[in-house]
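Peer 1: I would like to see how this sequence folds:
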Amino acid sequence: GQTLRDLISYVERDLRHSKHGGFYCAEDADSLSKKNDKQKKEGAFYVWNYDEIYKILPEKHADIFCYYYQCEKTGNVDP
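Peer 2: Residues are numbered from 1 along each chain as shown. Reported below is the predicted structural model:
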């Protein structure tokens, strides 16, 4: 139940057109990588660095995640 409520809340908050009441089918991937950044970057919100992965996930899960997605300490995509 909570997952569905969260999903509906997200759709109503982030995908609804404020003036006309319709809904967008997607979001722009441009976002700030950090709160104080002034310039948006493509996909920044959806990118975790190596240290963040190990901070968020238990070590064993982070090891598996990094192995599967070929995460490297120095990064494996251009910032």
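
Peer 1: Give me the spatial nearest neighbour of residue 40, chain neighbours excluded.
Peer 2: residue 30 (4.2 Å; Cβ to Cβ, 6 or more residues apart in numbering). Placement of C-beta: from N, CA and C, glycine included.

Peer 1: Contacts only, for the one you found.
Peer 2: Each residue near residue 30 by Cβ atoms under 8 Å, 6 or more residues apart in numbering is listed here: 40, 41, 42, 43, 44.

Peer 1: would JSON lines of those residues with pLDDT, neighbour count and secondary structure be doable?
Peer 2: Output for the contacts of residue 30, formatted as JSON lines (pLDDT from 0 to 100; neighbours: other Cβ atoms under 10 Å; DSSP: H, G, I helix; E, B strand; the rest coil):
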{"residue": "40", "pLDDT": "84", "neighbour count": "14", "secondary structure": "coil"}
{"residue": "41", "pLDDT": "80", "neighbour count": "14", "secondary structure": "strand"}
{"residue": "42", "pLDDT": "78", "neighbour count": "12", "secondary structure": "strand"}
{"residue": "43", "pLDDT": "74", "neighbour count": "12", "secondary structure": "coil"}
{"residue": "44", "pLDDT": "75", "neighbour count": "16", "secondary structure": "helix"}
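
Peer 1: from the residues you listed, which is closest to residue 8?
Peer 2: residue 43 (24.9 Å; Cβ to Cβ).

Peer 1: how near is the closest one to residue 31?
Peer 2: As judged by Cβ to Cβ, to the nearest Å, residue 43 and residue 31 stand 7 Å apart.

Peer 1: about what we covered before: just list whatever residues bridge to the residue nearest to residue 40.
Peer 2: Beta bridges link residue 30 to residue 42 when assigned by DSSP bridges.

Peer 1: Now for the closest residue to residue 22 other than its chain neighbours, how many residues are close by?
Peer 2: The spatial neighbour of residue 22 that comes closest, neighbours along the chain excluded (Cβ to Cβ, 6+ apart), is residue 16 at 7.5 Å. A count of neighbours around residue 16, defined by other Cβ atoms under 10 Å, yields 12.
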